[in-house]
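Enquirer: sequence below, structure please.
(one chain, ligands or ions: 1)
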Amino acid sequence: MALASGVRFAARALLRPWALLRGTTLGRTEPAAGGGGDGARRFGSQRVLVEPDAASGVAVMKLRNPPVNALSLELLTELVISLEKLENDKTFRGVILTSDCPRVFCAGLDLTEICGRNPAHCAEYWKAMQELWLRTYLSSLVLVAAINGACPAGGCIIALSCDCRVLADNPKYRIGLNETLLGIIAPFWLKDTYVNTIGHRASEQALQLGSLFPPAEALQVGLVDQVVPEDQVQSTALSEMARWLAVPDHARQLTKNMMRKATADRLLRQRDADTQNFVSFVCRDSIQKSLQAYLEKLRQRKG
Ligand SMILES: CC/C=C\C/C=C\C/C=C\C/C=C/C(=O)SCCNC(=O)CCNC(=O)[C@H](O)C(C)(C)COP(=O)(O)OP(=O)(O)OC[C@H]1O[C@@H](n2cnc3c(N)ncnc32)[C@H](O)[C@@H]1OP(=O)(O)O
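Expert: As a prediction, the model looks like this:
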């Protein structure tokens, strides 16, 4: 499914050389764990490990930005590049998105990318977040989220952009859009994605309360599709992938586009306004203070 040319252009313009080169090993391949035949060679970058299996047409894409897979500008950029590489390789039909960090799938936006940063950086950062959402939400691939850890806010939106979600049955692994608890709000396209997944009334309540759902409640509200023992998340994600890949790609892709295009177009039509809105909102003194206080609280928790 071709993304709007504007998005492709934006992606290329966004993927500045330094972001690609800083500590990454883009393009370098290494044997996947356990060897494996042709096509089993890993590739990716410093923060995204891709384990492709050409025989099945499925790749496992692991977020590897310790300690909590906070969505730094580099991680956002590397995720877009890795996904684009797999989409352009017709060997692959599906991607399982998971975490290489223990206990956390993705901690959401890297708050250090917006706390104490200038408006120009916040704008660049938010464009990268928009781009990742557009890439995953509209991907021609089948995306299955194997959620093997905590999944708040920005991490939840990545999981929601996938076609389905498998969550480990650990009460510490909570998922949801908790932005209001930080004193911020989810932008309309996150709200739209939530509504498209769990419905308007459930979204209205969960967004206002900043709800982080434990597995049983996440399943009940429809935020995730399966809750399984932690050691069965990856195998269950593979089984779910097989179910989706049993459908002819073209028909599935056209149907996915029919279901999601209107939501994505809403952002595409007003990307710059959304960016300006984000920058003016997060750069307010009151919001900066709120985010700094939240970060401080996180850092003191271990004390
Ligand atoms: C009109 C609308 C306009 C604008 C909208 C405005 C904003 C955009 C809105 C929505 C989009 C998305 C927003 C977000 O994603 S905001 C971030 C939300 N994330 C969270 O609330 C999660 C915070 N983290 C945690 O709860 C825990 O860290 C976690 C459960 C993930 C893991 O716990 P654990 O005990 O394993 O680790 P910690 O000791 O807590 O953390 C380790 C280390 O990492 C730092 N950390 C954690 N999360 C973040 C983060 N999101 N950003 C940056 N740094 C983070 C933490 O401080 C520790 O650091 P250190 O002490 O230095 O080791």
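
Enquirer: from now on I want contacts and neighbour counts done on CA atoms only, so please keep to that.
Expert: Fine.

Enquirer: show me which helix runs longest in the protein.
Expert: Longest helix in the chain, counting residues (DSSP state H): helix 249-269.

Enquirer: how about it: buried residues?
Expert: 252-253, 256-257, 263-264, 267-268 (16 or more other Cα atoms under 10 Å).

Enquirer: tell me which parts of the chain are close to the ligand?
Expert: Residues of the chain found near the ligand (Cα under 6 Å from any ligand atom) are 67-68, 70, 104, 107-112, 150, 152-154, 179, 184-187, 277-278, 281-282, 295, 298-299, 302.

Enquirer: which parts of the stretch 101-250 of the chain are strands?
Expert: Using DSSP state E, counting those that start in this stretch, the strands of the stretch 101-250 of the chain run over 142-147, 151-152, 164-168, 175-176, 226-228.

Enquirer: among the residues of the chain next to the ligand, the buried ones, what's the ChimeraX command?
Expert: In ChimeraX, a selection of the buried entries from those looks like this (16+ other Cα under 10 Å):
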select :68,70,104,107,108,109,110,111,150,152,153,154,179,184,185,186,278,282,295
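
Enquirer: in helices only, show me the residues of the chain next to the ligand.
Expert: Of the residues of the chain next to the ligand, the ones assigned to helices by DSSP H are 154, 277-278, 281-282, 295, 298-299.

Enquirer: including pLDDT, could the residues you listed go into TSV?
Expert: What follows is these, written out as TSV (pLDDT from 0 to 100):
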residue	pLDDT
G154	98
N277	98
F278	98
F281	98
V282	97
L295	95
L298	94
R299	91
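
Enquirer: from the residues you listed, which is closest to Q220?
Expert: For those, the residue nearest Q220 by Cα to Cα is G154; the value is 21.1 Å.

Enquirer: quick one, what contacts the closest residue to the closest one other than its chain neighbours?
Expert: In space, and not counting its chain neighbours, G154 is closest to G108: 3.7 Å by Cα to Cα, 6 or more residues apart in numbering. By Cα atoms under 8 Å, 6 or more residues apart in numbering, the residues touching G108 are 69-71, 151-156.

Enquirer: ok, those vs V60, which is closest?
Expert: Using Cα to Cα, the contacts of G108 come closest to V60 at N69, 16.0 Å.

Enquirer: contacts made by stretch 153-165 with the rest, please.
Expert: The contact list for stretch 153-165 (Cα under 8 Å, 6+ apart) reads 71, 105-109, 133, 136-137, 142-147, 175-179, 190, 193-194, 197, 223-226, 237.

Enquirer: what's the answer for stretch 57-69, then?
Expert: Outside stretch 57-69, the residues that touch it by Cα under 8 Å, 6+ apart are 46-53, 75, 91-101, 104-108.

Enquirer: out of these, which sit inside helices?
Expert: Counted as lying in helices by DSSP H, out of the contacts of stretch 57-69, are L75.

Enquirer: restricted to strands, list the contacts of stretch 57-69.
Expert: Among those, the members falling in strands (DSSP state E) are 48-53, 94-99.

Enquirer: now list the buried members of those.
Expert: So, by 16+ other Cα under 10 Å, the buried ones in these are 48-53, 94-99.

Enquirer: which of those residues sit farthest apart?
Expert: Of all pairs drawn from those, the widest gap by Cα to Cα lies between D53 and S99 and measures 17.8 Å.

Enquirer: list just the nearest of the buried ones among the ones in strands among the contacts of stretch 57-69 to the ligand.
Expert: Distance to the ligand, by Cα to the nearest ligand atom, is smallest for S99 among those, at 12.0 Å.
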